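1. Sequence and predicted model, in that order:
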Amino acid sequence: MIQNSLPAQLKRPRFSRLLLAQATSVLVIVVLAGVLGGRGAALSALLGGLVCWLPNAYFAWRAFRYQGARLASDIVKSFYRAEAGKFGLTAALFTLVFVTVPPSNPAFFFGAYVATLFTQWLGPWLLRGPSHT
């Protein structure tokens, strides 16, 4: 029996599908808000969706930098740093939006935020790779 001396290649989770699903939900809500409430509602929905989507994209970019059992402490640190950065970015974006461009329709702003946040529930389904069994 010949053993392979090369370590198994670990793959980063494919967050692009989840981020694309979130971006799609933002666009659908923006169009819906534009039809129902006009241009101001569409802008409010866009801002709400971006306040949720941008920190999630940051987390996906920062969280999975390290792989392998030897780097377990680095993996844990990168998750904590990514989550802290996501939280800080969310707080900063909420502040920035409410100070510079107050939403004309808070219902669409928070509706788009919550709908984009709920899209994360699709994560296990969207991140799952193809079955080889």
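-> Happy to help now that I have it. Everything quoted here is computed from the prediction, not taken from an experiment.
2. Can you give me every residue that contacts the residue positioned nearest the centre of the chain?
-> In the chain, the C-alpha nearest the mean C-alpha coordinate belongs to Asn56, at 2.6 Å (Cα atoms, centre = their mean). Listed by Cβ atoms under 8 Å, 6 or more residues apart in numbering, the contact partners of Asn56 are Leu18, Leu19, Gln22, Lys86, Thr116, Gln120. Heads up, the C-betas are built off the backbone N, CA and C, glycines and all.
3. Please indicate which of those residues are buried?
-> Buried by 16 or more other Cβ atoms under 10 Å: Leu18, Leu19, Gln22, Lys86, Thr116, out of those.
4. Quick one: mean pLDDT over the helix or strand containing Pro55.
-> Using DSSP states H and E, Pro55 maps to helix 39-63. Averaging pLDDT along helix 39-63 gives 92.
5. And that helix, what's buried?
-> 41-53, 55-60, 62-63.
6. Quick check: next helix or strand after the top helix by length along the chain?
-> Assignment by DSSP state H gives helix 72-100 as the longest helix of the chain. Once the chain leaves helix 72-100, the next helix or strand it forms, by DSSP H and E, is helix 106-118.
7. Remind me what that next one packs against, helices and strands.
-> Packing partners of helix 106-118 (3 or more Cβ pairs under 8 Å, 6 or more residues apart in numbering; DSSP states H and E): helix 16-37, helix 39-63.
8. Could I get these in JSON lines, plus columns for distance to Ala91?
-> Below are the helices and strands packed on helix 106-118 laid out as JSON lines (distance: least, Cβ to Cβ, whole Å):
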{"stretch": "helix 16-37", "distance to Ala91": "19"}
{"stretch": "helix 39-63", "distance to Ala91": "9"}
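9. doesn't Tyr113 make contact with Trp53?
-> No - in this structure Trp53 lies outside contact range of Tyr113 using Cβ atoms under 8 Å: 9.4 Å.
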